[in-house]
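Structure, please.
(2 chains)
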Amino acid sequence: MQKLIYFILKYKEHFVFLGLVFVSLSFILLGDINKIGGFRSIIVATLGWIQKKVFLIPNVQALKSENSALRELNFNLSQKIINARIAEMENQALRKMLQLKPRLDTPAEVSQVVGSISVDLRNFIILDKGEKSGILPMMTVRNDAGLVGLVVACGSNYSLVELITNANVKVPALNLRSGVLGTINWDGSGNLLFRDVPKFMDVAVGDTIVTSKFSLKYVPFVPIGVVVKKEDEEGELFTKIVVKPFVNFSFLEEVFVLKKTVDTELYQLINDYIQKLQLLIKEPPPKSTRINPRKLMDEKKKLDSLSKIMKK
Amino acid sequence: MIEQSFKIQNTYLKIIYYSLAALLISVLQLSFSYLISIYGVTPDLLILLVIWVTLFEGKLYGLIFAFIIGILFDFLSLNVIGVNALTKTMVAYLVGFFYQEKEFWNILRSNKFFLICFLAALLHNIIYYFIMIELTDSIFATYFKFVLGSTIYTMVFALLAFFLRIRKFW
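Model prediction:
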């Protein structure tokens, strides 16, 4: 204890100095800190600089809060980017449509896709225009990229369009380069198949496929897609041709309804013929008109016996 | 006994003199310093008083005097309480290293005194403006302007000690 007192007395000036400095700093901290804003900012900046240059261990709490703030900021920015991208895509689509409309041979009605439905694995889209706008069933629907489908039903204000991405839809098609004819049919995934093309026909990867003029339903020369794959299988007469559609069916916004319906006379003619064929197949001749060989034999026997009797 | 009472009386007189000097300089500093300020830079005459007391009375007394005078000045100037107390105490601590018993007048007449004044004023201003600097666009330029300006201005008043070298003035 004495040593401690001696030590303190020996260095009393230093202890007094430290005590007075401590009291002064306490007064400063208890006082109006707003007046020493510059001091605070210099201290904070200096500490930050030292921490950046010297300390290797980061402040975990500060990093957490910074991360949280950055995540929030990132979320907001990504949302804005998505909105901007959607707007850009919409803008591009509208620009393309504006450029395309004057080039179309047939009159077209611009329509918005307002919904989509699936009935028995068949995909349809709903348009916001119907008979009031001059849209009728059997009209071809396309967008700036290519063929979308066919109007199958119409209300006064809405129309139902059957997409070509249905397994039962077959579109007569044409290879624009070589003129080879075939049928376009959905393969069940994202691509189409160019069917009924014999192996020896000239079809190459990169060829553009369009609707053919022999189609009764679809307007001719509407782009469908591009050949991306060609496979010749052994023992098969036909080649397997995969076509990638031009249209992005998952993002349909605006479409054109080509106001060109089927030639009714031709359609009627074909319909009548088909009905006749069906009648011939389905309805056999009445029983009375049928030829019965046994009966004929009996009748012949009867006639023979009669003739014998007459001779006698 | 008479010698002891004389000593006590002398101590009281010293306290009274120093108190009066501190009060007078504080009032002068607060009331008239703006008249002699150059671009906002003013001398700090209390530093000179602290140097005087510390060199004359010793480190311990100098520290206590500096702290009291600093607190007093903070109260009078409506400043942040403790800032002047801190800086003046540090000045006293620094000057205390130059204290030599019964060598006050010799130090005062030598060039060492100017060195002490310069170092003390510089230390005081570095700490004082480090705490009290206001946030501006050019914070470092302002800081150095005030630190160096105030130090030089205080040194001008310290040069008055030259007169103490000429015998006919004292």
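
Grab the nearest non-local neighbour of whichever residue of the stretch 1-150 of chain A sits closest to chain B.
Nearest residue of the stretch 1-150 of chain A to chain B, counting by C-beta to the nearest C-beta: residue A:27, 2.9 Å away. No exception for glycine: its C-beta is placed from N, CA and C like everyone else's. Closest residue to residue A:27 apart from its sequence neighbours, by C-beta to C-beta, 6 or more residues apart in numbering or on different chains: residue B:82 at 2.9 Å.

Test my guess that the residue of the stretch 1-150 of chain A closest to chain B contacts residue B:84.
No - contact criterion C-beta atoms under 8 Å: residue A:27 and residue B:84 do not qualify, at 10.1 Å.

For the two, indicate the residue with more neighbours.
Ranked by neighbour count (other C-beta atoms under 10 Å in any protein chain shown), residue A:27 and residue B:84 place residue B:84 first, with 28 against 18.

That one looks like it's in a helix, true?
Yes - under DSSP: H, G, I helix; E, B strand; the rest coil, residue B:84 falls within a helix.

what residues are up against it?
For residue B:84, the contact set (C-beta atoms under 8 Å, 6 or more residues apart in numbering or on different chains) comprises B:46, B:69, B:70, B:71, B:73, B:74, B:77, B:128.

Could you grab the helix/strand/coil label for the fourth one?
Secondary structure of residue B:71, reduced to three states by three-state DSSP: helix.

Could you pull out the strands in chain A for me?
Counting by DSSP state E, chain A has strands at residues A:108-119, A:122-127, A:140-142, A:147-154, A:159-163, A:170-175, A:181-186, A:192-195, A:208-211, A:223-231, A:240-245, A:254-258.

Can you say which of the ones you listed is packed in most?
Ranked by average neighbour count under the criterion mean count of other C-beta atoms under 10 Å in any protein chain shown, the strands of chain A are headed by strand A:140-142 at a mean of 26.

Okay, now the sheet partners of that one, with direction.
With DSSP bridges as the test, strand A:140-142 is paired with strand A:147-154 (antiparallel), strand A:254-258 (antiparallel).

Just the angle for the last one relative to strand A:159-163, thanks.
So the one you mean is strand A:254-258. Here strand A:254-258 runs at an angle of 90 degrees relative to strand A:159-163 (axes from the mean of the first three to the mean of the last three C-alpha atoms, to 10 degrees).

Next: the longest one.
When the same axes, to 10 degrees is applied, the directions of strand A:147-154 and strand A:159-163 differ by 140 degrees.

In PDB, could you pull the C-alpha coordinates for strand A:147-154?
Coordinates of each C-alpha in strand A:147-154 appear next as PDB, following Å, rounded to 0.1, in the frame of the first residue of the first chain:
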ATOM      1  CA  LEU A 147     -48.600 -18.400 -87.500                       C
ATOM      2  CA  VAL A 148     -50.500 -18.600 -84.200                       C
ATOM      3  CA  GLY A 149     -53.600 -20.600 -85.000                       C
ATOM      4  CA  LEU A 150     -57.200 -20.500 -86.200                       C
ATOM      5  CA  VAL A 151     -60.300 -18.800 -85.000                       C
ATOM      6  CA  VAL A 152     -62.700 -21.600 -84.000                       C
ATOM      7  CA  ALA A 153     -65.500 -19.800 -82.300                       C
ATOM      8  CA  CYS A 154     -66.700 -16.200 -82.100                       C
END
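
Quick one: residues in contact with that strand.
For strand A:147-154, contacts defined as C-beta under 8 Å, 6+ apart pick out A:124-125, A:127, A:130-131, A:135-142, A:159-164, A:169, A:171, A:211, A:217-218, A:222-224, A:245-247, A:249, A:252, A:255, A:257.

Figure out how far that strand is from the centre of its chain.
The gap between where strand A:147-154 is centred and where its chain is centred comes out at 16 Å by C-alpha atoms, centre = their mean, to the nearest Å.

And for the last one?
Distance of strand A:254-258 from its chain centroid, counting by C-alpha atoms, centre = their mean, is 16 Å.

Same question for stretch A:211-221.
24 Å.
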